[in-house]
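**Student:** Sequence and predicted model, in that order:
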Amino acid sequence: MNEDIKGKRQESTSKNPATACTWLSESNCKDKGCNLHGQLACRWDPKEYIFAIGIVQSVPSLILTFTFIYIGIVTGNWWSMLIFGWLIIMWPLGFEQLVLCRHCPFFTDCKKTLTCWALRFWPKWWKYSPRPLNPLEKIIVSHLLFSIPMFFWPVGWCAYGIYYMATNYHSFGLIALLGMIGLSFAVTLTHVQFFLILWSKLCTRCVNFSCPFNKVSKETVDAYLEMNPVMKAAWIDSGYEIDK
């Protein structure tokens, strides 16, 4: 029964001309002599998903959530929690999908939810676009999706927490101030770690090549595009040049 379902899914996928080789049978890789899997995270791998979610993303998220709630309680200023409203817009409501995910080969499977190492199980809100990200989308990704909400805002809010306790030292005392400094250091450290691991372990192998953080070599990008005619044509139409 499971084999029948799997076979029907592969048949449905193979009939869609926009489907990336990422979702085709592994026999397609062998038939075309492709060995990119050693260089790219171009096929679904549960181990990479567990690594990305369980290690890279979960620890900074938990520390950040606890720290923001703590600062909100101590200072009485809860407007910093608006950042979580923005995160809801980013992920469950699909803004990140609009500007980033829908350009990724992993978006081309026939499922109604995402299957990738970052946003698995989220509903697909948008239609796949094989073209690369445009300049505006790259700015939005690098600033509105990553650097501001995931680093500058948390670090800035922690700095505010330290400032608030220092200026009201008579109400909090040394232990509370040192605790706030410790939490701020933990937030900063885990977020720096998040970006370093992201760039060194994931961005070097990610198939969403036009993401501003992607670090896959042009030679490898060209080789992958040769395996995917629809994506290749859209990239060339957008001004990309493949080295001969």
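**Tutor:** Received, thanks. Not measured: the values here are computed from a predicted model.

**Student:** Once you drop chain neighbours, what's closest to residue 87?
**Tutor:** Spatial nearest neighbour of residue 87, excluding adjacent residues (C-beta to C-beta, 6 or more residues apart in numbering): residue 149 at 6.7 Å. Heads up, the C-betas are built off the backbone N, CA and C, glycines and all.

**Student:** The one you found - that's part of a strand, no?
**Tutor:** No. Residue 149: not assigned to a strand; according to DSSP: H, G, I helix; E, B strand; the rest coil it is helix.

**Student:** what residues are up against it?
**Tutor:** 83, 86-87, 90 (C-beta atoms under 8 Å, 6 or more residues apart in numbering).

**Student:** Need the buried ones from those residues selected in ChimeraX.
**Tutor:** Buried members of the contacts of residue 149 can be picked out in ChimeraX with the line below, counting by 16 or more other C-beta atoms under 10 Å:
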select :83,87,90
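
**Student:** Between the contacts of residue 149, which sits nearest residue 230?
**Tutor:** Residue 230 lies nearest to residue 90 out of the contacts of residue 149, by C-beta to C-beta, at 27.4 Å.

**Student:** any idea how far the residue nearest to residue 87 is from residue 38?
**Tutor:** For residue 149, the distance to residue 38 equals 34 Å [C-beta to C-beta, to the nearest Å].

**Student:** Likewise for residue 223?
**Tutor:** With C-beta to C-beta as the criterion, residue 223 and residue 38 are 12 Å apart.
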